[in-house]
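Colleague: just to be clear, the model below is a prediction. Sequence and coordinates:
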Amino acid sequence: MKRLSLLLLTVILLFGSCKKKEDTSEVTPEMARDTLYYIMKAYYYWYNQMPVVDRNNYSDPYELLDAMMYKELDRWSFVADYQEFIDEMEGTFVGHGIMVSLSSDNKARIAQIYKNSPLYSQGVRRSWIIKTINGYDLAAIMLAHNTEAYNTAFGPSSTTVINDFVFEKPDGSTEIISSQKASFTLNSVILYDTLWLDAAGTKKAGHLVFESFIEPSQQELQTAFSFFKSAGVTDLILDLRYNTGGYLSIAQQLASYIGGNTLSGKTFATLQYNDKFQEANETFKFLTTSYSLSLPKIVVITTRSTASASEAVINGLAPHINVALVGDTTHGKPVGMNGWPCGKKYFFWPITFKLINSIGTGDYFDGFLPDQLTTDDLTHDFDDRREECLKEAILYLKTGSFSGKGSASFSRSRQYSEKPLWMNNMFIKN
């Protein structure tokens, strides 16, 4: 057996029908289906718990994967269009650059917006209410959980699409904006700044809002932690509330910045493969970095969208420093995947390994419970000290405890993003 190459998105050359096919026109759905079948039988983490299927009964790899998945636990394995996957992980994006969510008052609000997006340049920010888009009542669509109507309202991911928005701004005024979808590079670090924790100006917290573990993240995180290091921060609030995952190597980098060089060489995470490929198991160590903070504790803001590589950071740091969570229970994905490109037409990403930390903690399929249950406050921006999660995080760093209040009025909302659902994942990359 050829040993698997590792990292959270290891790309392995395919065997069989896809191996010699570089022209996408030469790769038929049937060829891709057959290749995926053999990959699943060999590398899938739950290969011995898959349903028995006849691959000839399925027309393409999408249908076959759905039939073969061990759905009792697997919510994540996927087949992607090859170029779409590459573009997404490189940060290339087409759209308005917004994430929308229902606030506790049933308003459709901007939950997050990328800095290079067309709407950001027109002043739109988190907390703005979308009253209508192209005449559609967006809140009503979201209350009905009507994904089809939502997609119809926004239209396809094309730079030719123009949408007319009616916004209500935080001051109560109305603004009408016509926005054309654009292709741009997204920023995974949404915000980094510092917050004074005491009147005397002796305790300063770094504050990082981090949205995904993708290729641009490496430089963005270096810039943020260089700033934190030079600013002399003594604490950190890490906001991962919408971070659904990405490359394990970036998670390793982030954890190393936080934990510091005193953890260098110690175990961050260990990958465990199925019993056919135990020799592929590998341990990721904390790295030596130039901008390490060596913090004894951090506060992490989480929601149900905090997934995969984000959870790996929490789990990997927990044996070494005090990690307090505020917000909602995390997604619950202690597994990850290796990738197989197929003729530059498909990319196969089945679950291939389980992740554990230095003391063997894993299997957190129910997610990590927060120490303080707090509603994602969509009525305030990320850096507004009145935002409920940020307010609790600051309180904890100042006093060592949370308020203990707020759970009675807790509300959970679903985020609607222009990004593909398969981003809820953790990958190994060469």
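Modeller: Yep, it's here. These numbers come from a predicted model, not from an experiment.

Colleague: would you confirm that residue 87 belongs to a helix?
Modeller: Yes. According to DSSP: H, G, I helix; E, B strand; the rest coil, residue 87 belongs to a helix.

Colleague: which residues does it contact?
Modeller: Applying C-beta atoms under 8 Å, 6 or more residues apart in numbering, we find residue 87 in contact with residue 93. Glycine gets a C-beta too; all of them are placed from N, C-alpha and C.

Colleague: roughly how far apart are it and residue 313?
Modeller: Per C-beta to C-beta, to the nearest Å, residue 87 is found 25 Å from residue 313.

Colleague: could you do residue 319 as well?
Modeller: The spacing between residue 319 and residue 313, counted by C-beta to C-beta, is 13 Å.

Colleague: more neighbours, the two?
Modeller: Ranked by neighbour count (other C-beta atoms under 10 Å), residue 319 and residue 313 place residue 313 first, with 30 against 16.

Colleague: who's in contact with the more buried one?
Modeller: 238, 240, 251, 254, 255, 258, 300.

Colleague: likewise for residue 46?
Modeller: Taking C-beta under 8 Å, 6+ apart, we find residue 46 in contact with 70, 73, 74, 274, 351.

Colleague: could you list the domains of this protein?
Modeller: Domain assignment for the chain by automatic domain parsing gives 95-185, 189-337+353-427.

Colleague: any chance of the ones you listed in JSON lines, plus distance to residue 34 and mean pLDDT?
Modeller: Listed next are the domains of the chain as JSON lines, based on distance: least, C-beta to C-beta, whole Å; pLDDT from 0 to 100:
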{"stretch": "domain 95-185", "distance to residue 34": "30", "mean pLDDT": "95"}
{"stretch": "domain 189-337+353-427", "distance to residue 34": "20", "mean pLDDT": "93"}
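
Colleague: quick one: the nearest residue to residue 260 once chain neighbours are set aside and residue 94, what's the gap?
Modeller: Leaving aside its sequence neighbours, residue 260 sits nearest to residue 294 (C-beta to C-beta, 6 or more residues apart in numbering; 2.7 Å). As for residue 294, its distance to residue 94 is 40 Å (criterion: C-beta to C-beta).

Colleague: higher neighbour count, these two?
Modeller: With neighbours defined as other C-beta under 10 Å, residue 294 and residue 94 compare such that residue 94 has more, 17 against 12.

Colleague: can you list the strands that the helix or strand harbouring that one pairs with?
Modeller: Per DSSP states H and E, residue 94 falls inside strand 92-95. Strand 92-95 sits in its sheet next to strand 182-185 (antiparallel), going by DSSP bridges.

Colleague: what's in contact with the partner strand?
Modeller: Looking at what lies outside strand 182-185 - C-beta under 8 Å, 6+ apart - the contacts are 91, 92, 93, 94, 95, 97, 114, 116, 117, 118, 159, 216.

Colleague: out of the domains of the chain, which one sits most buried?
Modeller: Of all those, domain 189-337+353-427 carries the top mean neighbour count, a mean of 20, counting by mean count of other C-beta atoms under 10 Å.

Colleague: so how far is residue 207 from the closest residue to residue 409 other than its chain neighbours?
Modeller: Once flanking residues are discounted, residue 409 sits nearest to residue 375: 6.9 Å by C-beta to C-beta, 6+ apart. Look at residue 375 and residue 207: by C-beta to C-beta, they are 19 Å apart.

Colleague: same question for residue 107.
Modeller: Distance, residue 107 to residue 207, using C-beta to C-beta: 26 Å.

Colleague: surely residue 340 and residue 39 touch.
Modeller: Yes. Here residue 340 reaches residue 39: they are 5.8 Å apart, a contact under C-beta atoms under 8 Å.

Colleague: quick revisit: quick one: which of the contacts of residue 46 sit in strands?
Modeller: Using DSSP state E, residue 351 are the members of the contacts of residue 46 that sit in strands.

Colleague: kindly indicate which of the contacts of residue 46 lies nearest residue 43.
Modeller: Using C-beta to C-beta, the shortest approach to residue 43 within the contacts of residue 46 belongs to residue 274, at 7.3 Å.
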